[in-house]
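> What follows is a predicted protein model with its sequence.
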Amino acid sequence: MTSSGRRIAFLIGIVIAFMLPKKVECGYAGATGCGKIVDHRQCTPYDVEPWGFYLIEHLAKSNVGFAYSHGDDC
């Protein structure tokens, strides 16, 4: 493999790694106090988002607004 081929393979690997899904409680990294009581059960919202967006949200301490899916864990 040539050096430019290695660079391309490395960049493709980084892109794939940033697209891997990660489950995030409370909608974004670092959020607190997001639980709610529904029918006498504690429910916590969650998002399944790309790892790259999780990293951005963790650094920015706010929600970016992109997720593969979302819902509530009860």
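Done, it's in. Numbering: from 1, shown residues only.
> Run through the neighbouring helices and strands of the longest helix anywhere in the chain.
What stands out as the longest helix in the chain, according to DSSP state H, is helix 3-19. Judged by 3 or more C-beta pairs under 8 Å, 6 or more residues apart in numbering; DSSP states H and E, the packing partners of helix 3-19 are helix 51-60. For the C-beta atoms, the positions are set from N, CA and C on the backbone; glycine is no exception.
> The helix it packs on: what's the following helix or strand?
Sequence order places strand 69-73 as the next helix or strand after helix 51-60, per DSSP states H and E.
> and that following strand, which strands flank it?
strand 41-50 (antiparallel) (DSSP bridges).
> Just want the angle from the strand it pairs with to helix 51-60.
For strand 41-50 against helix 51-60, the angle by axes from the mean of the first three to the mean of the last three C-alpha atoms, to 10 degrees is 110 degrees.
> about what we covered before: off-centre distance for the longest helix of the chain?
Between the centre of helix 3-19 and the centre of its chain there are 20 Å (C-alpha atoms, centre = their mean, to the nearest Å).
> same question, stretch 67-74
With C-alpha atoms, centre = their mean, you get 11 Å for stretch 67-74.
> Give the rounded mean pLDDT of that stretch.
Taken as a whole, stretch 67-74 has a mean pLDDT of 88.
> Next: stretch 6-15.
95.
> Can you list the buried residues in it?
Across stretch 6-15, burial judged by 16 or more other C-beta atoms under 10 Å covers no residue at all.
> Need the residues that contact it.
If you take C-beta atoms under 8 Å, 6 or more residues apart in numbering as the criterion, stretch 6-15 is touched by residue 1.
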